[in-house]
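J.: here's my sequence, what's the structure:
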Amino acid sequence: MPDALPPEPPAVVVHIDSPTAVDLEVQGEGKAWQTVCTSPCDASVSPTGNYRIGGHGVRASEPFHLPPQGKVTLVVDPGKGGSKTGPIVLLVVGGIGLAPVVGVSAVVGIVELLGALFVCPFVSAFASKANQNSAYGQCLSDGGAPFTALYGEPYVWIPAVAGGALIVGGFIWLVAASGHPTHVDKSVAVLPPAQPRWELPAHPIALPAPAVTPLLTVHF
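T.: Coordinates of the predicted model:
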């Protein structure tokens, strides 16, 4: 009897249905993702391990597992993930443009705080009782007036307007570049069991010589 063949490792046949080219990736050693095949794939792969859909310009899907056997069709809705370099640059430049108005606002706030706590109470104390409240308010207004006037300077409001526009544009661009994640639906079909394979032995089997028995003996 011929020796039995060793069992083949289990495998699952993967077909990828996608409107654009995507890659089936498996997570290898060191958690790095490696490309297994590109759509439509139609390859036999190991059912063990973590898989995902990715590719050039495709936002990777969430990891998933394959069925232990059969044929699986992955229906893919590719998610587009654009580069975020452009919108991040706009956000940074816009933030720099807001620096002058932020600086003026910080100075005005500090002056108003110091006036409210240390200067204006003394000013109002020396005013008549009927005018103490108005004197206190006038003190706060007079203390911050030289600095609030800076908001009208071109080197403050022009960068502020430009910076605000860049920040709004960068935020919109960043949201658009994020796109949507890749969605994967799995449809599994069970394949018929593989038929056992038989092979002829490497050397022919020697059969014993047939025994001959005379049926009739004639004498003369």
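J.: packing partners of the helix or strand where residue 91 lies?
T.: Per DSSP states H and E, residue 91 falls inside helix 85-97. The contact analysis (3 or more C-beta pairs under 8 Å, 6 or more residues apart in numbering; DSSP states H and E) places helix 85-97 against helix 154-178. All C-beta atoms are positioned from the backbone trio N, CA, C, and that covers glycine.
J.: buried set for the helix or strand just after the helix it packs on?
T.: Of the helices and strands lying after helix 154-178 in sequence (DSSP H and E), the nearest is strand 183-189. By neighbour count on 16 or more other C-beta atoms under 10 Å, the buried set for strand 183-189 is residue 184.
J.: list of residues touching the helix holding residue 91?
T.: Residues from elsewhere that reach helix 85-97 (C-beta atoms under 8 Å, 6 or more residues apart in numbering): 159-160, 162-167, 169-171, 173-174, 177.
J.: go again with 10 Å.
T.: For helix 85-97, the surrounding residues in contact (C-beta atoms under 10 Å, 6 or more residues apart in numbering) are 84, 102, 158-178.
J.: show me which of those are buried.
T.: With burial judged by 16+ other C-beta under 10 Å, the buried subset of these is 159, 160, 163, 166, 167, 170, 173, 174, 177.
J.: show me where this protein has strands.
T.: With DSSP state E applied, the chain shows strands at 12-17, 23-27, 33-38, 41-45, 51-54, 58-59, 71-77, 79-80, 183-189, listed in chain order.
J.: ok, the second one: who's next to it in the sheet?
T.: Note on strand 23-27: by DSSP bridges, its sheet partners are strand 33-38 (antiparallel), strand 51-54 (antiparallel).
J.: from the chain's centroid, how far away is stretch 15-34?
T.: Averaging C-alpha positions (C-alpha atoms, centre = their mean, to the nearest Å) puts stretch 15-34 14 Å from its chain's average.
J.: tell me which residues of that stretch are tucked away?
T.: Quick answer for stretch 15-34 (16+ other C-beta under 10 Å): 15, 16, 18, 22, 23, 24, 25, 26, 33.
J.: alright, that wraps it up for me.
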